[in-house]
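>>> Predicted model and sequence below, questions to follow.
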Amino acid sequence: MAEPRRIPLIVIGMGQVGSAFLAQLMRTREYLQARYAVDLYPVALADTTGALVEVGGLKDHDLKVLLAQKAGQAQIVEQPGALDPMPAGDLLAQIVAQGVEKAVVVDATAAAGMEPTLHQALDAGYSVVLANKRPLAGTWNEAQMFFEHPRVQFGATVGGGLPITTTLRAMIDAGDRVERIEGALSGTLGYLCSRLEVGEAFSVIVDAAKARGYTEPDPREDLSGVDVARKMLILGRLAGWPLELDNLTVDPLYPPTMADLSVDEFMAALPRLDSDFAAYMGAQAGAPRYLAKIGSEGGSVSLRMVGERLAAQLSGRMNQVTFWTKIYHDRPLTISGPGTGRENAAAAVLRDCLQLARTG
């Protein structure tokens, strides 16, 4: 059997998705070598605390120690190596200078301002895998290149592990034309709506979701609807519509007066909204779901009341996207499933890395 083709990996962001990705890679690396003759091996890891670099490949032992540290296992005191404070751009420059070729750069952050680093990677002949939605949801002038570049993949940005972007790409590549897209793209808000449906108070649901880690540390990141809007914008742009985020109207689940509060103040103020949501639920028939839709002219993201059938399909933290296209016109194509969670997103990142490794 031929020796596996070695593909260096540079992982930026060691939060939930980045850590889960590395853990999955370590579990499946030998299988991928045997099945696809591809060896994906990390040469650098970086986050806000620093960077760990070994161009010959980081040792599994060091990776396990680092993952244990990131998981907060206090008994792990061993250091995997020097974590040098280093901007991402300097990290890439150092790796390029050491002769590393055809690497895959994984942006597993949720950070703004990563575009220069991604451009630097592509200019060096590297490939890019995005779990970070922000570079794809900036202005079209800045984002366009990421949608059109053959060495950029971003399956984890919409629906986590669900094959949403890959299916949309395949339809377009086969000559289909998208007419409109609708969906529920937040497991967090799906959970919230399902609990509202059975009569729980809005503030109690948000507090429980935050405690379980379903929301971001600041729940407004989820409740604002902006994250859902970014996901739908990515799908719209992939469908061929050069839209801006401002082309989508977004209805947040809290009033503007609560936007500038501290997180603690916001959580303390949530009970004020309980009566409003109870009145909303009592005044309309159906079940609440936070839904998004987009077409060539723009779209919307808002809380809507839906019928029993759709409510059943969108129970709990399920994600769902429906495509109306030239081919799937009378009976649209729907993809649904558990699209949230770090393991799902990490699996999508791994699939994208493998795809680039096999075609590059």
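Great, that's in hand.
>>> pLDDT weak spots in this structure?
Along the chain, the parts satisfying pLDDT under 70 run over 1-2, 72-86, 339, 360.
>>> where do the strands sit along it?
5-12, 38-47, 50-53, 104-107, 127-130, 152-153, 178-184, 248-250, 287-295, 298-306, 319-325, 333-337 (DSSP state E).
>>> taking those together, which one is wrapped up most tightly?
strand 104-107 (a mean of 28; mean count of other Cβ atoms under 10 Å). Glycine gets a C-beta too; all of them are placed from N, C-alpha and C.
>>> How far does it sit from its chain's centre?
Chain-centre distance of strand 104-107: 14 Å, with Cα atoms, centre = their mean, to the nearest Å.
>>> Please name the strands paired to it in the sheet, noting orientation.
Strand 104-107 has the following strand partners under DSSP bridges: strand 5-12 (parallel), strand 127-130 (parallel).
>>> Turn those strands into CSV, including distance to Ala174.
Listed next are these as CSV, based on distance: least, Cβ to Cβ, whole Å:
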stretch, distance to Ala174
strand 5-12, 28
strand 127-130, 24
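>>> Indicate which one of the ones you listed is closest to Asp276.
Nearest of the strands paired with strand 104-107 to Asp276, taken as Cβ to Cβ: strand 127-130 at 36.9 Å.
>>> Give me the domain ranges for the chain.
Per automatic domain parsing, the structural domains of the chain span 5-160+343-359, 178-338.
>>> Arg169 is nearest to which of those?
Minimum separation from Arg169 across those (Cβ to Cβ) falls at domain 178-338, 6.8 Å.
>>> Straight-line length of the closest one, end to end?
In domain 178-338, first residue to last residue: 24 Å (Cα to Cα, to the nearest Å).
>>> likewise stretch 44-51?
7 Å.
>>> Any idea how far that stretch is from the middle of the chain?
A distance of 20 Å separates the centroid of the chain from that of stretch 44-51, by Cα atoms, centre = their mean.
>>> Find the centremost residue of this structure, please.
Nearest residue to the geometric centre of the chain (Cα atoms, centre = their mean): Thr157, 3.3 Å.
>>> Name the nearest residue to that one, sequence neighbours excluded.
Take Thr157 and drop its neighbours on the chain: the residue closest to it by Cβ to Cβ, 6 or more residues apart in numbering is Lys133, 4.7 Å away.
>>> Many thanks, have a good one.
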